[in-house]
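Chemist: Build the 3D model from these lines:
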Amino acid sequence: MAEKLQNPRLVQITFHTLRHWKATMEYHRTRDILYVKQLLGHKSIENTMLYTQLISFESDEYSSAVAKSLDEARKLVEGGFEYVTDMDGHKLFRKRK
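Modeler: Residues are numbered from 1 along each chain as shown. Prediction:
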């Protein structure tokens, strides 16, 4: 693959590289270090913290959506949106971009 794409860095990708990427993305998505610790199976939070030092949270932009019915709310949750609050009889949801 590295030869075909003419990218020698692809040879450097290991299982640990993919594990680190997954942990970083999960932390970025959830901002829950204890969840990532459990996901990785670490006994010590210090080991898990190594995965979060390189990530930058400069862009905290959200998409928002409004659900007027239970079915709409269910579809939003299934689509990765999280519930925020009720307003004027409607449910507000958000999802990181």
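
Chemist: For the helix or strand in which residue 85 is found, give the mean pLDDT please.
Modeler: In the assignment (DSSP states H and E), residue 85 maps to strand 82-87. When pLDDT is averaged over strand 82-87, the result is 89.

Chemist: Note down every partner strand of that strand and its orientation.
Modeler: Paired with strand 82-87 in the same sheet, following DSSP bridges, are strand 90-96 (antiparallel).

Chemist: Just give the closest residue to the most centrally placed residue in the chain, not the sequence neighbours.
Modeler: What sits nearest the mean C-alpha location of the chain, by CA atoms, centre = their mean, is residue 29, with 2.2 Å. Spatial nearest neighbour of residue 29, excluding adjacent residues (CB to CB, 6 or more residues apart in numbering): residue 96 at 6.8 Å. The C-beta positions use only the backbone N, C-alpha and C, and glycine is treated the same way.

Chemist: Burial check on the one you found, number of neighbours?
Modeler: The number of residues packed near residue 96 is 16, by other CB atoms under 10 Å.

Chemist: How about residue 9?
Modeler: When neighbours are counted by other CB under 10 Å, residue 9 comes out with 8.

Chemist: same deal with the one 10 residues further on?
Modeler: As a burial measure, residue 19 scores 13 neighbours (other CB under 10 Å).

Chemist: and what of the one 4 residues further on?
Modeler: Applying other CB under 10 Å, we find 21 residues neighbouring residue 23.

Chemist: How much space separates it from residue 79?
Modeler: Shown here: residue 23 relative to residue 79, a distance of 24 Å by CB to CB, to the nearest Å.

Chemist: With residue 92 instead?
Modeler: 14 Å.

Chemist: Dihedrals phi and psi, residue 18?
Modeler: Reported as degrees, to the nearest 10, the phi and psi values for residue 18 are phi -70, psi -40.
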